[in-house]
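>>> compute the structure for the input listed below.
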Amino acid sequence: MPADDQAFLDVLSALPTDIVKYSNDVAGYVDKHVDQIAETLRDALTKSSWVPDQFRPQPPLPTPILAVPVSALEKVQDWIAKHKILVGVVVLVSGTVAYRTYRASALWRKKRRARRARSGGRVEVVVIAGSPALPLTRSLSLDLERKGFIVFVVSNSHEDEMMVQNLSRPDIRPLGIDITDPLSAGSSIDTFARYLQSPHAAIPQGKRHHLSFKAVVLIPSLNYTTSPIATIPPSSFADLFNTHLLQPILTIQAFLPLLTARLSPPTSPETKDRATTPKVIVFTPSIISSINPPFHAPEATVCSALSAFTEVLTAELRPLAIPVTHVQLGTFDFSSFTPAANSRLLHPVGLLSAPEDADALPWPDSARQAYGRNFVSQSGSAIGAGRIRGLRGTALRELHNAVFDVIDGSITSGTVRVGLGASVYGFVGRWVPRGLVAWMMGIRRVDALATWQGNNGGASGYGSPGEGPSDGGEAGSESFVDVPPLEPVVDANVWKEG
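Residues are numbered from 1 along each chain as shown. Model (predicted):
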């Protein structure tokens, strides 16, 4: 057979296969589009209102869905997939709480003991610059002495020295410094420095060792008057700044030469390990100074000034590698330091107690009308007295542990908040609007004010109970509020009993 005929026969034999292929493609394409057109037409006729009901096609029956049982794990996975943000927040909060709880429990169980010499004698010295009459000074002194420190309490008078000696602890000793006399204060610091440089022995004829100066703890005075600014005499402000602000500043100033000078070079490996720079720890109440509530001008002013002073002191001592830690305190439980528990701490004139406020005089009638109602409301509010009502203060052990951790270097932060309400009030003072805080304390607008009577009105002044501002005596008498005599409010002081 010729080659041309064979090629023609090959083409003819391939035609059926191509025809079948192309016909199948065309049929599939037509079926697909015909089905789509039919479905579109059926939907259009079903939704058209002009088509009679007997000619309107019925909608297709829904495809039956078979219910497959879902396991509990699959349900949890589906819920997590739908609430990813919520799950992330819960995991983050739970992890933070667990970590902080574990860390707090580990710190609580930490063994805290001061270093001792090889002979067993005490070698680490801590100075507490605070009034021995304060429960915080006594509790901290006893705790540091129990942990193995030699504690010196700064005493400004013979009565203070007697109170320190009445603690009946051989390693809690008074350190007499008259800060009002710079020459005398400098002489006292020189004597204390020579004591630190001299070798000591734990027992007579025992091996001698040198002492290591570890820290100065500043505890300012804490008796404040709660009253409107208008009723506080100028002399009270002057006395307040001298005793509560100037005295702590002068105390730190007296110790600065001792802090910034190396007492004696280490002479042995034993003393070389303890040749560390002393630390400065400043305590201030943080609740009132965080929110600056009405009628607390003395405490808010002094504590804010001490905080600013601490910041400046930190900036000056940082280049000298002297750490300064600002401990902001909340409310603590001082139930173990009630007068009954400390009846042996007797003052020459009787049991130690908070001093009377000599300027706590009755308010003028004008001040009662202007400030009385808000003063009573604020004093009785849950957050206005500087504490959280219904909750006991934090245990003193937490404060003692924090101080020890600062001294031994476990805590290196410049600011430490300890005590119930310290962190909460700090957050409130920083982020919550002042108006809302005042409203929560019960502060309300005063619309009725007394008429100005000048300085000749005396104590009764304007707005006396028999005279109203404009509505007569009866309306004026209704605007007065019975304000108790001005005394140091116990609940407003974070250092008092919880």
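
>>> mind checking the SS state of Q328?
Secondary structure assignment for Q328 (DSSP: H, G, I helix; E, B strand; the rest coil): strand.

>>> G421 is in contact with that one, correct?
No: the pair Q328 / G421 is not scored as a contact, 10.5 Å apart, by C-beta atoms under 8 Å. Bear in mind the C-beta positions are built from the backbone N, C-alpha and C, glycine included.

>>> now the strands: where do they sit in the stretch 251-400 of the chain?
Assigned by DSSP state E, counting those that start in this stretch, the stretch 251-400 of the chain shows strands spanning 279-285, 324-329, 346-347, 350-351.

>>> got the ones you listed as CSV, with mean pLDDT columns?
As requested, these are exported to CSV (pLDDT from 0 to 100):
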stretch, mean pLDDT
strand 279-285, 93
strand 324-329, 93
strand 346-347, 34
strand 350-351, 30
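
>>> so can I have JSON lines of those strands showing mean neighbour count?
Listed next are the strands of the stretch 251-400 of the chain as JSON lines, based on neighbours: other C-beta atoms under 10 Å:
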{"stretch": "strand 279-285", "mean neighbour count": "24"}
{"stretch": "strand 324-329", "mean neighbour count": "23"}
{"stretch": "strand 346-347", "mean neighbour count": "13"}
{"stretch": "strand 350-351", "mean neighbour count": "10"}
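
>>> mind listing what's buried in stretch 233-247?
By neighbour count on 16 or more other C-beta atoms under 10 Å, the buried set for stretch 233-247 is S236, F237, L240, H244, L245, Q247.

>>> now the fifth one: how far from P298?
L245 sits 10 Å away from P298 when distances are taken as C-beta to C-beta, to the nearest Å.

>>> returning to what we had before: pick out whichever of the buried residues of stretch 233-247 sits closest to M163.
Proximity of those to M163, judged by C-beta to C-beta, is greatest for Q247, which lies at 17.0 Å.

>>> wait, is that closest one part of a helix?
Yes: the assignment for Q247 is a helix, going by three-state DSSP.

>>> I'd like the average pLDDT over stretch 397-415.
The pLDDT scores in stretch 397-415 average 90.

>>> cool, and stretch 41-48?
72.

>>> check stretch 155-172 too.
Mean pLDDT, stretch 155-172: 90.

>>> before we move on, back to that, okay if I get the buried residues of stretch 233-247 as JSON lines plus distance to I177 and pLDDT?
Output for these, formatted as JSON lines (distance: C-beta to C-beta, whole Å; pLDDT from 0 to 100):
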{"residue": "S236", "distance to I177": "26", "pLDDT": "87"}
{"residue": "F237", "distance to I177": "26", "pLDDT": "88"}
{"residue": "L240", "distance to I177": "22", "pLDDT": "88"}
{"residue": "H244", "distance to I177": "18", "pLDDT": "89"}
{"residue": "L245", "distance to I177": "18", "pLDDT": "91"}
{"residue": "Q247", "distance to I177": "11", "pLDDT": "91"}
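
>>> tell me the one of those nearest P69?
Of all the buried residues of stretch 233-247, H244 has the smallest distance to P69: 74.0 Å, by C-beta to C-beta.

>>> wait, that closest one touches T301, no?
No: using C-beta under 8 Å, H244 makes no contact with T301, being 9.3 Å away.

>>> contacting residues for R430?
S290 (C-beta atoms under 8 Å, 6 or more residues apart in numbering).

>>> is it in a helix, a strand, or coil?
Relying on three-state DSSP, one would call R430 helix.

>>> any idea how far it lies from V406?
Per C-beta to C-beta, R430 is found 23 Å from V406.

>>> please apply the same query to Q247.
Q247 is 23 Å from V406, by C-beta to C-beta.

>>> before we move on, the earlier item: out of the strands of the stretch 251-400 of the chain, which gets nearest to V93?
Of those, the one closest to V93 (C-beta to C-beta) turns out to be strand 324-329, at 24.7 Å.
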